[in-house]
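> just to be clear, the model below is a prediction. Sequence and coordinates:
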Amino acid sequence: MSAPDIDTPLQLPCGAVLGNRLCKAALTEGLADAHNRATDRHERIYRQWSEGGAGLVITGNVQVDRAHLERPGNVAIDDNDGLEALKRYAAAGTSCGNHLWMQINHPGRQTPEALNPNPLAPSAIRLDVPGGGFGQPRAATGAEIRALIARFAHVASVARDTGFTGVQIHAAHGYLISQFLSPIANRRDDEWGGSLENRARFLLETVRAVRAAIGSDFPVAVKLNSADFQRGGFTNDEARQVTAWLGELDIDLLELSGGTYEQLVMIGAGREAGSETQIRDSTRAREAYFLETAALLRPAATMPFMVTGGFRTIAGMRQALASGATDLIGLGRPMCVQPDLPRRLLTGETAEGPIWEHRLHMAADALDPATDPALAQQIETWGKQGWFCLQLLRLGEGLEPDVDLSVFQAFNDYMSNEARATEALIGR
């Protein structure tokens with residue numbers, strides 16, 4: 001059998017079929033209103049991504065609890081109405097026949113302090129990041145953990161009822177489920193902590209509850225860290241075992257990523273020097289940040305794999321598919337600048353996506369050497385992250401991306417936008 005190409009359909013275990021092997025991966029949008037409801041900006045941007053040609057589009061994280069947000073502009077489903085807006089959002093995002101999956105999340109201790117100074121977490125261990133910005137978490141009780149699982153299941157049922165065609169449970173990037181998996185963030189000594197079996201219990205129980213809520217014919221995916229990229233954190237070997245356990249629950253797709261707010265490897269930054277789980281230079285050369293770890297986990301898998309992070313050329317995408325390490329190619333940051341990139345790749349109009357990161361790295365390297373190192377790191381990291389977030393805000397307003405925006409201006413504009421959104425949320 002010949003290797004799949006980017007235009008090859010993919011049938012999932014539940015029976016659903018994706019039209020091709022390209023996916024617009026989840027990107028935090030920040031487009032919700034002050035009540036964390038979807039807006040017409042979601043309709044604009046997701047119609048563009050639907051028209052953009054990807055067989056699968058995954059939303060930015062939709063939160064299960066309005067008291068815990070990754071940023072103030074998150075959509076949340078938590079007794080805040082907005083169902084009709086969600087239906088319009090789903091209709092726009094599926095207008096060209098592609099799949100649109102809702103990513104469901106709870107940020108746990110990675111909730112900004114301005115939004116919640118004492119967020120729920122597996123254990124009362126504060127996030128260690130330059131500049132702070134995150135409060136002192138408190139350990140969730142057993143009853144609260146069960147209630148959180150029920151919240152994930154409820155949001156999944158709302159997704160199905162409002163027209164989304166699948167869901168993805170976010171268990172990566174240091175958010176709540178990822179925190180439960182990590183020995184660094186989870187120091188519990190009850191049924192939810194200690195051994196890997198206990199640390200994985202929250203994820204596995206959530207998958208079971210979601211499947212029970214939406215049925216066997218609706219796609220359920222999981223986004224999982226291949227590793228936390230921190231000493232003492234969640235490892236490749238543990239990810240391999242969790243992959244096997246997820247296979248027993250018949251999930252439809254496993255997306256592999258890595259890192260946390262303390263190690264931002266998911267955006268190509270923050271590797272811990274000397275870590276056995278750092279991203280290798282050979283992996284970067286092949287574009288995909290997590291392809292090698294995907295190959296390590298693949299023997300334990302019974303579900304299709306998706307790898308996101310670093311893909312830029314059609315040659316790299318085809319090589320990844322031919323290797324057998326992944327079945328889907330996740331595209332994130334390029335879709336902020338070129339929302340129709342999948343169509344361009346599929347039609348042969350282009351052989352690579354927009355590569356703005358190099359320009360951003362050069363701009364960040366121009367920082368004044370006298371700048372405080374911690375502040376310089378914050379400006380570089382959040383300036384580059386903010387650059388892409390601001391492009392999404394422009395797309396949501398019906399504007400073209402501003403590719404001439406500097407890292408420094410992006411840092412200031414992004415921080416100002418988040419401050420305004422936080423004030424609106426708190427003052428609602």
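In hand now; what should we look at?

> tell me how many other residues surround Arg66.
17 (other CB atoms under 10 Å). Backbone N, C-alpha and C define where each C-beta goes, glycine included.

> can you pull the contacts of it?
36, 76, 78, 80 (CB atoms under 8 Å, 6 or more residues apart in numbering).

> quick check: the farthest pair among those?
Of all pairs drawn from the contacts of Arg66, the greatest distance, 7.4 Å, lies between Asn36 and Asp78 (CB to CB).

> looking at those two, which is more packed in?
Neighbours of Asn36 and Asp78, each counted by other CB under 10 Å, are more numerous for Asn36; the result is 21 against 16.

> which residues touch that one?
Contacts of Asn36 (CB under 8 Å, 6+ apart): 63, 66, 69, 74-76, 78, 80, 82, 425.

> could you redo the last one with a cut-off of 6 Å?
Residues in contact with Asn36, defined by CB atoms under 6 Å, 6 or more residues apart in numbering, are 66, 75-76, 80.

> and if you look at Arg394?
Pro401.

> and if we set it to 8 Å?
Per CB under 8 Å, 6+ apart, neighbours of Arg394: 400-402.

> now which of those would you call buried?
Pro401 (16 or more other CB atoms under 10 Å).

> which one of the contacts of Arg394 is nearest to Leu86?
Pro401 (26.0 Å).

> correct me if wrong: the closest one contacts Pro334.
No: here Pro401 lies out of contact with Pro334, judged by CB atoms under 8 Å, at a distance of 11.0 Å.

> now do the shared contacts for Asn36 and Asp78.
63, 66.

> and the pLDDT for Thr283?
Note on Thr283: pLDDT of 42.

> check Glu357 too.
pLDDT for Glu357: 59.

> same thing with Arg312?
With respect to pLDDT, Arg312 scores 89.

> what about it, distance to Met335?
Remark: distance between Arg312 and Met335 (CB to CB, to the nearest Å) = 12 Å.

> so which of these two has more stuff around it?
When neighbours are counted by other CB under 10 Å, Arg312 and Met335 differ, and Met335 comes out ahead with 29 against 19.

> how near is the more buried one to Ala26?
Met335 is 10 Å from Ala26, where distance means CB to CB.

> likewise Asp190?
Asp190 is 31 Å from Ala26, by CB to CB.

> ok, the two, which is more surrounded?
In terms of neighbours (other CB under 10 Å), Ala26 is the more surrounded of Asp190 and Ala26; the figures are 26 against 12.

> correct me, but Ala153 touches Val210?
Yes: counting by CB under 8 Å, Ala153 touches Val210, with 5.2 Å between them.

> who's more crowded, these two?
Using other CB under 10 Å as the criterion, Ala153 and Val210 rank with Val210 on top: 25 against 22.

> wasn't the more buried one part of a helix?
Yes: under DSSP: H, G, I helix; E, B strand; the rest coil, Val210 falls within a helix.

> which residues touch Asp404?
Contacts of Asp404 by CB under 8 Å, 6+ apart: none found.

> need the next SSE after the helix-or-strand element of the chain with minimal mean pLDDT, C-terminal direction.
Across the helices and strands of the chain, mean pLDDT, DSSP states H and E gives its lowest value to helix 281-285, namely a mean of 44. Sequence-wise, the next helix or strand downstream of helix 281-285 (DSSP states H and E) is helix 291-297.

> packing partners for that following helix?
helix 236-248, strand 253-257, helix 281-285, strand 305-308, helix 314-323 (3 or more CB pairs under 8 Å, 6 or more residues apart in numbering; DSSP states H and E).

> could you redo the last one with a cut-off of 6 Å?
When contacts are defined as 3 or more CB pairs under 6 Å, 6 or more residues apart in numbering; DSSP states H and E, helix 291-297 sits against helix 236-248, strand 305-308.

> report the contact partners of the nearest residue to Glu113 once chain neighbours are set aside.
Of all residues not flanking Glu113 in the chain, Gly135 sits nearest, at 3.9 Å (CB to CB, 6 or more residues apart in numbering). By CB under 6 Å, 6+ apart, the contact set of Gly135 is 113, 117-118.

> pull out the buried members of these.
Using 16+ other CB under 10 Å, no member of those is buried.

> domain map for the chain?
Domain assignment for the chain, taken from automatic domain parsing, gives 10-354, 356-428.

> just how off-centre is the first one within its chain?
Offset of domain 10-354 from its chain centre (CA atoms, centre = their mean, to the nearest Å): 4 Å.

> so for the residue lying closest to Arg71 once chain neighbours are set aside, what's the pLDDT?
Nearest non-adjacent residue to Arg71, counting by CB to CB, 6+ apart: Gly30, 5.7 Å away. Gly30 is assigned a predicted lDDT (pLDDT) of 96.
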